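Asks: Predicted model follows, preceded by the sequence.
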Amino acid sequence: MIRKLITPGDEQPLCWIDVQSPGATEFEALHQTYDFSLEHIQDCLDPEHLPKAEPFEEGHFVILRAYQQDAPADAHTVQDLSTKIAIYTKDHLLITIHRMPLPFIEEIAKRFEQWQKAFSTRQIIVHLIHESLESYRPIVVELIKQIDEYEVRLFQEEELQPQMQRRLYFLKRKAGVLRNIVFLMQEVLSAFRSDKKHQSFYWQDTLDLAQHLQNTFRQAEEDAGSLLNFYLSLAAHQTNEVMRILTIFSVFFLPLTFIVGVYGMNFEYMPELKMHYGYFGVWGVMVLLTVVIYFIFKKKKWL
């Protein structure tokens, strides 16, 4: 679907065309009408293309990524976590191409239509970068909240839940992927820095937002990684405790098994087999060995 968000006027020559869920027909129209290059069309078709700013002789080709609010909980790839926005500028023309509905695009268009002065494609792109970054605010808050909850559970629950390891891994992976996306978005923003007073404030505010998100995602990734390592340490500690108990039991029963094995051979000329109190004597030796082993372990604080 191709629509015009901003039409050229007497004071403002800029034309903004928005394309949502494009197909072969829309791309052919863009190529024929606006000389949209085939290389840029190929980039638009790549669902995992990372953010970039590519200047060319007549304008810019930019790719941004906004967070998908309906992304599944176990999503951890660029394509699953974010949706792509392609921006093409040429003279007084700006074209935005995206697959999913993005309400902030229409809000930006209305914002610029209400301005009483001329504006440039550079200013619109900075606003698009800002709103794309704003889409990551809810998920960064949610990631911090989930990490805090898992931290409390790790210290309070007596038994580890097997699914917790998988969820911590996905949290760490998600935070890392989002951090990389925000970092690349910050690189795109750097390409549109301007000396104009009005834009410099908004540009700096967008830069501050990108740095804040990047630092928060980095902290979330490190915290999730620390919790994952702590989980593995607790799991190893519990396994060692089980092995320690099994080892103690084996030490107790090893000499008893040896004694029973010796007297279970049933040789005809074994000297103790004819003793009247041999059975009770063997029991006494086994009980004595058990008591001696117990006190040895107790003295060494292994019990």
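Replies: All right, it came through fine. Keep in mind it's a predicted model, so treat the numbers as computed, not measured. Residues are numbered from 1 along each chain as shown.
Asks: residues contacting residue 52?
Replies: Residues near residue 52 by CB atoms under 8 Å, 6 or more residues apart in numbering: 62, 63, 184, 187, 188. For every residue, glycine as well, the C-beta is placed using N, CA and C.
Asks: what's around residue 94, how many residues?
Replies: Using other CB atoms under 10 Å, residue 94 has 25 other residues around it.
Asks: a strand runs through it, doesn't it?
Replies: Yes - the assignment for residue 94 is a strand, going by DSSP: H, G, I helix; E, B strand; the rest coil.
Asks: pretty sure it is touching residue 121, no?
Replies: Yes - taking contacts as CB atoms under 8 Å, residue 94 lies within contact range of residue 121: 4.6 Å.
Asks: what's the overlap in contacts for these two?
Replies: Residues touching both residue 94 and residue 121 (CB under 8 Å, 6+ apart) are residue 14.
Asks: Can you name the residues bridging to residue 83?
Replies: residue 66 (DSSP bridges).
Asks: Please apply the same query to the one 5 residues further on.
Replies: With DSSP bridges as the criterion, residue 88 is bridged to residue 61, residue 95.
Asks: in terms of contact, does it touch residue 36 like I think?
Replies: Yes - applying CB under 8 Å as the test, residue 88 and residue 36 come out as touching, 6.3 Å apart.
Asks: For the two, list the residues in contact with both.
Replies: Common neighbours of residue 88 and residue 36 (CB under 8 Å, 6+ apart) are residue 95.
Asks: if you average pLDDT over stretch 231-241, what comes out?
Replies: Averaging pLDDT along stretch 231-241 gives 79.
Asks: Name the residues of that stretch that are buried.
Replies: Neighbour counts over stretch 231-241 (16 or more other CB atoms under 10 Å) mark residue 231 as buried.
Asks: contact partners of that stretch?
Replies: Stretch 231-241 is contacted by residues 154, 160, 164, 165, 168 when judged by CB under 8 Å, 6+ apart.
Asks: Spell out which helix or strand contains the last one, please.
Replies: Using DSSP states H and E, residue 168 sits in helix 162-190.
Asks: if we can go back for a sec, out of the contacts of residue 52, who's the most crowded?
Replies: Most surrounded of the contacts of residue 52: other CB under 10 Å gives residue 188, at 25 neighbours.
Asks: which non-adjacent residue is nearest that residue?
Replies: residue 53 (4.5 Å; CB to CB, 6 or more residues apart in numbering).
Asks: I'd say the one you found and residue 62 touch.
Replies: Yes - using CB under 8 Å, residue 53 makes contact with residue 62 at a distance of 5.0 Å.
Asks: Overlap in contacts, the two.
Replies: Going by CB under 8 Å, 6+ apart, residues that sit against residue 53 and also against residue 62 are residue 188.
Asks: Name the nearest residue to residue 108, sequence neighbours excluded.
Replies: Leaving out its chain neighbours, the residue that sits closest to residue 108 by CB to CB, 6+ apart is residue 127, at 4.9 Å.
Asks: Quick check: mean pLDDT of the host helix or strand of residue 26?
Replies: In the assignment (DSSP H and E), residue 26 maps to helix 24-34. Per-residue pLDDT over helix 24-34 has a mean of 82.
Asks: Please apply the same query to stretch 118-133.
Replies: On average, the pLDDT along stretch 118-133 is 88.
Asks: got any ranges where this protein has weak pLDDT?
Replies: For the chain, the stretches with pLDDT under 70 are 10, 116-117, 157-160, 194-200.
Asks: longest helix of it?
Replies: As assigned by DSSP state H, the longest helix anywhere in the chain is helix 197-263.
Asks: Correct me if wrong: residue 21 contacts residue 99.
Replies: Yes - using CB under 8 Å, residue 21 is in contact with residue 99, at 5.6 Å.
Asks: Which one's more surrounded, the two?
Replies: residue 99 (15 against 11).
Asks: Now the more buried one, what are its backbone angles?
Replies: phi -90, psi -40 (degrees, to the nearest 10).
Asks: who are the neighbours in contact with it?
Replies: Per CB under 8 Å, 6+ apart, neighbours of residue 99: 20, 21, 22, 47, 83, 84.
Asks: burial of the last one, as a residue count?
Replies: Translated: residue 84. Burial of residue 84 is recorded as 23 neighbouring residues (other CB under 10 Å).
Asks: Kindly report the same for residue 97.
Replies: Residue 97 has 25 neighbouring residues, counting by other CB under 10 Å.
Asks: Just the C-alpha atoms of stretch 168-178, please, in CSV.
Replies: C-alpha atoms of stretch 168-178 as CSV (Å, rounded to 0.1, in the frame of the first residue of the first chain):
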residue,chain,number,x,y,z
LEU,A,168,18.1,-16.8,31.7
TYR,A,169,19.9,-17.7,28.5
PHE,A,170,17.1,-16.2,26.3
LEU,A,171,17.2,-13.0,28.5
LYS,A,172,20.9,-12.7,28.0
ARG,A,173,20.7,-13.4,24.3
LYS,A,174,17.8,-10.9,23.9
ALA,A,175,19.6,-8.1,25.8
GLY,A,176,22.7,-8.6,23.7
VAL,A,177,20.8,-8.5,20.3
LEU,A,178,18.9,-5.4,21.3
